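Trainee: What shape does this take:
(one chain, ligands or ions: 1)
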Amino acid sequence: MSKKLWGGRFSKKTNPLVEDFTKSIDVDYLLARHDIMASLIHTKILAKAKLISEPEFKILYKGLSDIQNELGKGKFKFDKNSEDIHTDIQNKLERKVGPVALKLHTARSRNEQVVFDTKRYCVFEVCNIINKSIGDFIKQIEKFANTHKNIIMPGYTHMQHAQPVKFKDYILAYAYMLKRDSKRLEDSLHRLTYPLGSGALAGTSMEAKLYNEAAKEIAEKMDHPFFKVVENTIDNISDRDFIIEILSALAILGMHLSRMAEDFIIWSTQEFGFIEIDDAFCTGSSLMPQKKNPDTLELIRGHTGELYGNLVSVLVMMKGLPLTYNRDMQLDKKPLFSSIKIIKDELEILTRLIAGIKINKVNIKRQLEEESLYATDLAFYLAKNKVPFRKAHEIIGKLIKDSLDLNRRIKDMKDEELKKYSPFINGKVIKNIFNPITSVNSKKSFSKKNLSCRVTVVEPR
Ligand code: ARG
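Mentor: Predicted structure coming up:
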């Protein structure tokens, strides 16, 4: 194990099993850039508070900036023997600038560093998901919907034929879900507080003002609308709500993607045959030569379990923890990083998959011939002719049942037969109403024709 940030109080070496069990570098190396930023800000504050001299400040600042550059150029080698990323960067700085590096940790704690790093990671990732991943996906959904704007399909409830709907509206329903997802994610950022200055839990003797000034000066990136000044250091160190909120928003988003995946899986079955998924997004069978399986979509559906599990694991880990920091909290990052990665991958894959979907209009149109799809329109027609709706419902229900029992299409029934159900029903009326175009055009409750589903947020640089 490399040099620890503690040790003075100990007379024995840590058991190697414990070192292995307690370290987190394998996971938290992803926080490196944010940890360096935290240190750059802290260095500036130490200088302002006169806890380090101007030359010392310059050495530390330059050393950290060099590490930052190395990381940017991919030249940063993580030391897998470090306890965590905070330790690794501290040790790297010491190797670079010598003993002055030992002053960097003045008046700060890893407890605040880890909160800062994770929050800043969240801001970057969540902004990227909203602006890029969801943004591109919604754009593709809109394109897909508009390309097929004239297609009418059967709408389903309980997976049974319900009423005809526009394919476009069906697909755009997903864009609205994603708009809500974007808003939920954005909202989770608005409660972020700025943890530097919290110390281990009790705060530091340096003024909060210094932290804010330094943050603004050095990292304009942190002068971000989402970050609020620290008010209660104890809460700041104890709080992982932001992770739970983000994991929750990502779990809901994943649920939406899994429903879309499921729709596409069903539509691509031989039984439906509404769509064909591009070969590049399917896989085959080792035994059955004819198979083309929608594995990509199945995995999108399957990963939802992981997204829920990640949320539940942090919720359970936090339950009943006494304030403030407890080592249990180290286990928050794996689920967070996992959910972020799953969602980014899924959105990217689905964006491309949708672009390659082929629609089989003939199969969709064939389903529209099924007469029960128009039963509700016929009941509405009777209601418009002053037949009480419950009565109309019963009349049409009976008509559908007879048609099924007699194995006769309603369209083929004679006027005399139809009149027995209601004097308002005849062959002409049936012909008019049993028409997908008439059916969808008769629905006026769509208030918005032009979508504005894309949400953007101010991105940190
Ligand atoms: N690796 C730790 C974590 O991720 C960092 C904080 C360590 N703090 C401590 N007091 N041991 O939570």
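Trainee: Show me what from the stretch 1-150 of the chain comes close to the ligand.
Mentor: Applying CB under 6 Å from any ligand atom, one finds that the stretch 1-150 of the chain approaches the ligand through S24, D28, D84, R110, N111, V114. Backbone N, C-alpha and C define where each C-beta goes, glycine included.
Trainee: L247 is in contact with R184, correct?
Mentor: No - R184 is beyond contact range of L247, at 11.4 Å (criterion: CB atoms under 8 Å).
Trainee: who's more crowded, those two?
Mentor: L247 (27 against 17; other CB atoms under 10 Å).
Trainee: what about the residue positioned nearest the centre of the chain, which helix or strand?
Mentor: The centre of the chain sits closest to L250, judged by CA atoms, centre = their mean, with a distance of 3.6 Å. Applying DSSP states H and E as the criterion places L250 in helix 241-267.
Trainee: What is that helix packed up against?
Mentor: Under the contact criterion of 3 or more CB pairs under 8 Å, 6 or more residues apart in numbering; DSSP states H and E, helix 241-267 touches helix 110-128, helix 167-189, helix 295-318, helix 333-355.
Trainee: before we move on, the earlier item: so what's the closest residue to the residue nearest to the centre of the chain other than its chain neighbours up against?
Mentor: Leaving aside its chain neighbours, L250 sits nearest to S339 (4.5 Å; criterion: CB to CB, 6 or more residues apart in numbering). Contacts for S339 (CB atoms under 8 Å, 6 or more residues apart in numbering) come out as I246, L247, L250, A251, G254, E306, L307, N310, L311.
Trainee: Tell me the pLDDT of S339.
Mentor: S339 is assigned a pLDDT of 98 by the prediction.
Trainee: And for E220?
Mentor: 64.
Trainee: could you say what helices and strands the helix or strand bottoming out on mean pLDDT in the chain packs with?
Mentor: For the chain, the helix or strand with the lowest mean confidence is helix 208-218, at a mean of 78 (criterion: mean pLDDT, DSSP states H and E). Under the contact definition 3+ CB pairs under 8 Å, 6+ apart, helix 208-218 sits against helix 32-48.
Trainee: Which neighbouring elements make contact with the helix it packs on?
Mentor: helix 54-72, helix 85-97, helix 110-128, helix 208-218.
Trainee: With adjacent residues omitted, what lies nearest to I266?
Mentor: F272 (5.8 Å).
Trainee: Kindly provide the distance from the one you found to I359.
Mentor: 12 Å (CB to CB, to the nearest Å).
Trainee: now L297
Mentor: 16 Å.
Trainee: what does R409 give?
Mentor: 26 Å.
Trainee: cool, and P436?
Mentor: 15 Å.
Trainee: got any ranges where the stretch 51-200 of the chain has weak pLDDT?
Mentor: Scanning the stretch 51-200 of the chain for pLDDT under 70 picks out no residues.
Trainee: Now the stretch 351-461 of the chain against the ligand: closest residue?
Mentor: Closest residue of the stretch 351-461 of the chain to the ligand, CB to the nearest ligand atom: P460 (21.6 Å).
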